[in-house]
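**Student:** Here is the input, now give the coordinates:
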Amino acid sequence: MIALLGATGYTGKLVAAELARRNVPHRLGGRNREKLAAVPSDGERFVLDVGESARLDVFLDGVDVLISTVGPFQRLGMPVVEAAVRNGVGYVDSTGEQEFITEVYERFADADVPLVPGCGFDFIPGDLSAAVAMDDLGGPTTEVAVHTAAMTIPSRGTALTTVEMADMLAVDVRARRVPFPDRVRTAVEVPFGDVPLARHAQGAHVVTTLVIPPVLASVVRRLPPLLSRLGPLIERLPEGPPEAVRRRARFHILAEAIGAAGRRAVYCEGRDVYGLTARFLVEAAQRVAGKGAMAPAEALDPEPFLQAVTGDDDRGAFTWRRV
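**Tutor:** Residues are numbered from 1 along each chain as shown. Got it, this is the predicted structure:
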């Protein structure tokens, strides 16, 4: 049995649809009874709030793994992790918030169940591809890098989370020329994916970048003050991008491992990061193993996982290859 918390949100509804499509026994949880009843699913339904610890315990009774899409995670996520640990239930989530991930790693290193934050699009492709590249290198890794080019319209929840993470963008922006398979692209170093990756990078220097037009590189460092004032406006935005727009939005991810033995790289590409997040989360919930708080590549066998989520359908497109 898989439990999904946050089933009425933009990402949560996609995950609920994925669980139903796979005929996985599941239980849905959300705060709003009417919205929860409207989610297309044959799963059980629980009305609850993350602050209701006793209700969370009832929700998790008989559950094997919990998927959480409740954010912002730094504000709302920790009681959910605590409930999973308290009830002996495995845990995966969709967070992209590294401060939250760091706290989970620090607090629950010795948990008796697998706890794997960051199993959505933000980390799964890059973290697992980097692990494959490091394994292919076959020797000490001095630098591991994940470069992401993604043209997407964020959901309202993702936009609100970005506002709460605005301080992370106040960095000394450094540009790189990255050799993607199709062409060299300009990317800026932004610490969005380095916390999970650093756990299994074998002490290598970790770099994560975002590809943006060169003319915008100098704007990145000016974003935090602007973002911090956008919260009220974002609250009035639509829940997420329209389905047709979401399905057209493409991405490219290049993971590199560099060491004395040379360079190895893995390239991922596809479309619909929200549809793929649902696919990744359900696959992770079915495959997660081990004990304690872990990065995706520590809890999921990277190459078989990437093979399992490869495909092109109405839930998004994903392919990967060595380059």
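**Student:** which residues of the stretch 201-323 of the chain fall in strands?
**Tutor:** 205-211, 250-259, 262-271, 292-293, 311-313, 316-322 (DSSP state E, counting those that start in this stretch).
**Student:** Export those strands as CSV, with columns for distance to Ala150 and mean neighbour count.
**Tutor:** C-beta: built from backbone N, CA, C; applies to glycine. Compiled in CSV, those are given as follows (distance: least, C-beta to C-beta, whole Å; neighbours: other C-beta atoms under 10 Å):
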stretch, distance to Ala150, mean neighbour count
strand 205-211, 8, 20
strand 250-259, 4, 23
strand 262-271, 10, 20
strand 292-293, 26, 22
strand 311-313, 17, 12
strand 316-322, 12, 18
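**Student:** Nearest to Arg75, out of those strands?
**Tutor:** Closest approach to Arg75 among the strands of the stretch 201-323 of the chain (C-beta to C-beta): strand 292-293, 19.1 Å.
**Student:** and that closest one, which strands flank it?
**Tutor:** Looking at strand 292-293 with DSSP bridges, its partner strands are strand 114-116 (parallel).
**Student:** just to revisit the earlier point, can I get the strands of the stretch 201-323 of the chain in JSON lines with mean pLDDT and distance to Ala285?
**Tutor:** Conversion of the strands of the stretch 201-323 of the chain to JSON lines gives the following (pLDDT from 0 to 100; distance: least, C-beta to C-beta, whole Å):
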{"stretch": "strand 205-211", "mean pLDDT": "93", "distance to Ala285": "25"}
{"stretch": "strand 250-259", "mean pLDDT": "97", "distance to Ala285": "22"}
{"stretch": "strand 262-271", "mean pLDDT": "97", "distance to Ala285": "21"}
{"stretch": "strand 292-293", "mean pLDDT": "98", "distance to Ala285": "16"}
{"stretch": "strand 311-313", "mean pLDDT": "95", "distance to Ala285": "18"}
{"stretch": "strand 316-322", "mean pLDDT": "97", "distance to Ala285": "17"}
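**Student:** a markdown table please, covering these and showing distance to Gly29.
**Tutor:** Conversion of the strands of the stretch 201-323 of the chain to a markdown table gives the following (distance: least, C-beta to C-beta, whole Å):
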| stretch | distance to Gly29 |
| --- | --- |
| strand 205-211 | 32 |
| strand 250-259 | 29 |
| strand 262-271 | 29 |
| strand 292-293 | 22 |
| strand 311-313 | 27 |
| strand 316-322 | 24 |
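**Student:** Quick check: which of these is nearest to Arg21?
**Tutor:** Evaluated with C-beta to C-beta, these place strand 311-313 nearest to Arg21, the distance being 9.9 Å.
**Student:** Determine how far that closest one lies from the middle of the whole chain.
**Tutor:** Taking C-alpha atoms, centre = their mean, to the nearest Å, one finds strand 311-313 lying 19 Å from the centre of the chain it belongs to.
**Student:** Just list whatever residues bridge to Leu115.
**Tutor:** Following DSSP bridges, Leu115 is listed with bridge partners Tyr91, Ala293.
**Student:** separation between it and Arg264?
**Tutor:** Leu115 sits 29 Å away from Arg264, taking C-beta to C-beta, to the nearest Å as the criterion.
**Student:** again, but for Arg27
**Tutor:** Spatial separation of Arg27 from Arg264 under the definition C-beta to C-beta is 41 Å.
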